[in-house]
Structure formats: structure tokens, C-alpha cells
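Chemist: generate a structure from the sequence data that follows.
(4 chains)
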2 protein chains.
Amino acid sequence: MMQQKTEKENTSEKILTTAFECLSANGYANVSMRNIADGAGVALSQLAYYYRNKEKLFSEVINRMMDQYLNEIEATLKSTVDEKERITSLVRYFKDLNRNNPKLLRLFIDFTAQALWIPSFRQQLDHLFNAITEIIRKNLSGNAAAINKSLHGYSDKSIATLIFGALFGTSIQIILGSDQDSAFESLNLAENLLY
Amino acid sequence: MMQQKTEKENTSEKILTTAFECLSANGYANVSMRNIADGAGVALSQLAYYYRNKEKLFSEVINRMMDQYLNEIEATLKSTVDEKERITSLVRYFKDLNRNNPKLLRLFIDFTAQALWIPSFRQQLDHLFNAITEIIRKNLSGNAAAINKSLHGYSDKSIATLIFGALFGTSIQIILGSDQDSAFESLNLAENLLY
DNA sequence: TATTTGTTCGGACGTCCGTTCTAATTATAT
DNA sequence: ATATAATTAGAACGGACGTCCGAACAAATA
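Modeler: Numbering: from 1, shown residues only, chains lettered A, B, ... in the order given. Down below sits the predicted model:
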């Protein structure tokens, strides 16, 4: 029946959104399956029923976030007509993330650390890194030329990796540092440098 | 007596070095006090005797590393006579870390994630971030001038934060990515960009 | 030697964890 | 209505965890 099917989707979905909230607020190691079950208002065994185990559940949370935000990034870039401004708008997207969505950044930083020790997470994160740097690489256009004017022999991929590294590394300092405003200025600096 | 004092230092020291090995190999969440006690060949209760609890023990491990490597960095920079080369040699130091001391980088990445949830770790990491960016800031000399030739209004601190962010973020990609060599090229690129 | 002080040890406590199992309930199909 | 499958709830399992305690031991003092 329709009713039952939507109920089911609601249950699995509620688990997933609750898992995101718990994980982004407390981190993978500090969140138990019981926390999530209680938060979602479902029985503990439901988590295993829909997602098998904790690792797969977290993996699914990350997958959702990856899909959503990679699409957002691509959409943002496509809507930027001036090619030279595309990298700039990407930096702006990162600034928005820091300002308005620190939960997501915390989730990804925590996931990054987990990926050090859990092979399946590592593979998933590698995919994310490649997707992001590939997006950057495709939108370098003018920037790469400017860089290669003075330096030679560096691939677009290396440039993209460095740019993403700067954005990611600076975001970590913003999230964790004591004077976040000062660190945030570094993203403004990055935006101007890349224009 | 002398004998007894060195014995004591040996025990506490053995715990500390074993803790470093365990933590850099498996991460804070995956290492138990029993693992460390077994690895060091001492009784479990010795860990509490010398370091009170797990959090303090890890904190002490990090403190040691901070002292050691901050000193190494300062020494490296002081031995670089040409002022314009100092940032370059700092990037080289980071490259060495990626090549020869991935254990340490893993430890710091894991510690960074823990700092998201544990206040005392966060404070400690903030201190480390400030120390590193301050070192970079003091040694900018020519670089800042070059940047400020085209851009105005950005403090040396912002520049230093961005540089460290780039080094840290790129290192994370090197440690976790599947093609590490390609990511490593980004550090070479950073070195050339900053010269 | 007797006493005090600093170490070391093994073990136990209570708690929380992820996972699994069984029984009950509900929906679907015959 | 009855049988079959899907879904739910709750309890229980075995294990690992950080922490704590009291006894045993060694060293230093006097």
C-alpha cells in the first residue's frame, strides 16, 4: 500500500538525517547506533535493517552529502558565464560553506580522519578528492595559463590539487582556530589571488 | 638513587614512545590503554599512574611532537641565510615530512579531527596553528612584498595562514589520495610559486 | 633494622558498544 | 480468510573500554 511504502521511506530517511545531525555534532567515534536510533525515534534494530552496520550508515550519509554538494558546485560554476570568474565563484562557494554550513565541514574533516584507518572510507574520500580537483581543473582556463607563464612543467591537475588543498587546509584552520575572522581573511586573499 | 630514577624515566618514556607508535598507526579512537600497556610491556595501571588518563596521555604525545618539530623548523629556517629562500626551505621541510615521516602527519591529522570534539585538544591544536603561522609570517620578507604588489589590505598573518593551509591541505591529499606522486607534485609547485 | 616513600602489578567494577536473535505485528497476495 | 512475506520492537550477547583499588615490591631515609 502507498501508506506503508512512504512510512518505510520516512523511517530510513529519518535515520539518515538523524545520523547526519549526530555525526556532524559529535563525530563518528562519539556517536553510537543507540544515539541515532533514539534521535530518530526508531528501534535500534532498524538501523541494521536498513543500513547493515555503523560503517555503511556513515558511508551512506557521506554519499548523500557528496552527491548534493558536488552537484551544487557544478551548478554554481555553470551559472558563471565569465570563464575567468569560475574559480573565483568556487572560492566563494567555499566561503559560504565556512560561514553557513560548518556542520558539513566538520563532518568532512571527521570523515577525512576516519579515512586514515578505515579502507572503505579512504576509497570514498579519494573519490571525493578526485571529483573536486577534476572540477577545479576543468575550470582553470585563464588561471593555469597565468601560472604557466612563469612556471613550466606543472600539470593542470597539480594546480587544481594545490588550490583545493589551500581551500581545505584554510577551512580547517577557520573551523578549529580561535580567531576565525582572521583566518577567514585568507579565503578572501585566495579569491583575489586566483582572479 | 640514580638507578631508580632512570628506571622510572624509562617506564614513563617507554609508555610515551609506545603511545606514539600505536596512535600514529591506528588513531586515537582505535587505540586502547591496554594496547599501549601491552606494547610497552608494563601494567595497565602504570598508564594512569604517569599520565592520569587517555586524553592526557595523547596530549603529552602531541606536546612532545610539537616541541620537537617546531624547533626543527626554526633551526632549519635560521640556517637558511638567504631570506628569500626561507619560505622555500619551509616547503621543503613539509615535503620531507610527507616523504619520510608520514606517521607524524597521520598523527597530526587524526589529532586535528579529535580537536573538533575535545576542547583541550582544540586549544592545543590552536596553539600549534598559531606557532606555525607565526613562524611563516616572520619569514615572509620578500614574498609578502610580492603579493602586496598586486593586492593590498591583506595582513602578513592572512598570507601565512593561507600558505600553511595550502601545505596542510595538500599533505592530507598526499597521505590519503590514491596517486600520491601526482599530489606530491603540488608541493613542488608550491615551492616554485613561493620563490 | 625499621619506617616511610615512591613504583609496579594484577584484577575487578560498572558502563557502553555494535551486532544478532526471536517473537510480534503489519501488509500483500492467494 | 488464510498463508506468505515484510517490517518492527525489544531484549540479550559477548566483548572492549577507561578507570580505580589494594596489595606487593623496591628504594631511600633515619
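
Chemist: which residue is nearest the centroid of chain A?
Modeler: Nearest to the mean C-alpha position of chain A, counting by CA atoms, centre = their mean, stands A:F108 at 5.3 Å.

Chemist: and the closest residue to A:A37 other than its chain neighbours, how many residues sit next to it?
Modeler: Beyond its immediate neighbours in the sequence, the residue positioned closest to A:A37 (CB to CB, 6 or more residues apart in numbering or on different chains) is A:L44, lying 4.4 Å away. Quick note: C-beta positions are derived from backbone N, CA and C, even for glycine. The number of residues packed around A:L44, counting by other CB atoms under 10 Å in any protein chain shown, is 13.

Chemist: from A:N35, how far out is A:L44?
Modeler: 10 Å (CB to CB, to the nearest Å).

Chemist: again, but for A:E21
Modeler: Counting by CB to CB, the gap from A:E21 to A:N35 is 10 Å.

Chemist: same question, A:L189
Modeler: 40 Å.

Chemist: and the helix or strand harbouring A:R92, which residues are buried?
Modeler: For A:R92, the host element (DSSP states H and E) is helix A:86-100. Residues of helix A:86-100 classed as buried: A:R86, A:I87, A:T88, A:S89, A:L90, A:V91, A:R92, A:F94, A:K95, A:L97, A:N98 (neighbour count, 16 or more other CB atoms under 10 Å in any protein chain shown).

Chemist: the residues you listed also near chain B: which ones?
Modeler: Contacts with chain B within the buried residues of helix A:86-100, counted by CB under 8 Å from any CB of the partner chain: none were found.

Chemist: which among these gets closest to A:I132?
Modeler: Looking at the buried residues of helix A:86-100 and their distance to A:I132, the nearest is A:L90, at 9.3 Å (CB to CB).

Chemist: residues contacting that closest one?
Modeler: Shown in contact with A:L90 (CB atoms under 8 Å, 6 or more residues apart in numbering or on different chains): A:I73, A:T76, A:L77, A:I135, A:I136, A:N139.

Chemist: what separation is there between the first one and A:A48?
Modeler: For A:I73, the distance to A:A48 equals 34 Å [CB to CB].

Chemist: more crowded one of the two?
Modeler: Set side by side, A:I73 and A:A48 show more neighbours around A:I73, with 20 against 15, by other CB under 10 Å.

Chemist: checking the residue in chain A that DNA strand D sits nearest to next. Helix, strand or coil?
Modeler: Here chain A gets closest to DNA strand D at one residue, A:S45, 3.0 Å apart by CB to the nearest atom of the strand. Here A:S45 is recorded as helix under DSSP: H, G, I helix; E, B strand; the rest coil.

Chemist: tell me the contacts of it?
Modeler: Contacts of A:S45 by CB under 8 Å, 6+ apart: none found.

Chemist: point to the helix or strand of chain A where mean pLDDT is at its lowest.
Modeler: Across the helices and strands of chain A, mean confidence by mean pLDDT, DSSP states H and E is lowest for helix A:142-150: a mean of 67.

Chemist: angle of the helix or strand just after that one against helix A:86-100?
Modeler: Taking DSSP H and E as the definition, the helix or strand that follows helix A:142-150 towards the C-terminus is helix A:156-176. With axes from the mean of the first three to the mean of the last three CA atoms, to 10 degrees defining the directions, helix A:156-176 sits at 20 degrees from helix A:86-100.

Chemist: tabulate the CA atom coordinates of helix A:156-176 in CSV.
Modeler: What follows is the C-alpha trace of helix A:156-176 in CSV, where atoms were taken according to Å, rounded to 0.1, in the frame of the first residue of the first chain:
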residue,chain,number,x,y,z
ASP,A,156,46.6,21.3,-14.5
LYS,A,157,46.0,18.5,-12.1
SER,A,158,48.8,19.6,-9.8
ILE,A,159,47.5,23.2,-9.8
ALA,A,160,44.0,22.0,-9.0
THR,A,161,45.2,19.8,-6.2
LEU,A,162,47.1,22.8,-4.7
ILE,A,163,44.1,25.1,-4.9
PHE,A,164,41.8,22.6,-3.3
GLY,A,165,44.5,21.9,-0.6
ALA,A,166,44.6,25.6,0.1
LEU,A,167,40.9,25.8,0.4
PHE,A,168,40.6,22.7,2.5
GLY,A,169,43.5,23.5,4.8
THR,A,170,42.4,27.0,5.4
SER,A,171,38.9,25.9,6.2
ILE,A,172,40.3,23.5,8.8
GLN,A,173,42.1,26.5,10.4
ILE,A,174,38.9,28.5,10.3
ILE,A,175,36.8,25.8,11.9
LEU,A,176,39.3,25.0,14.6
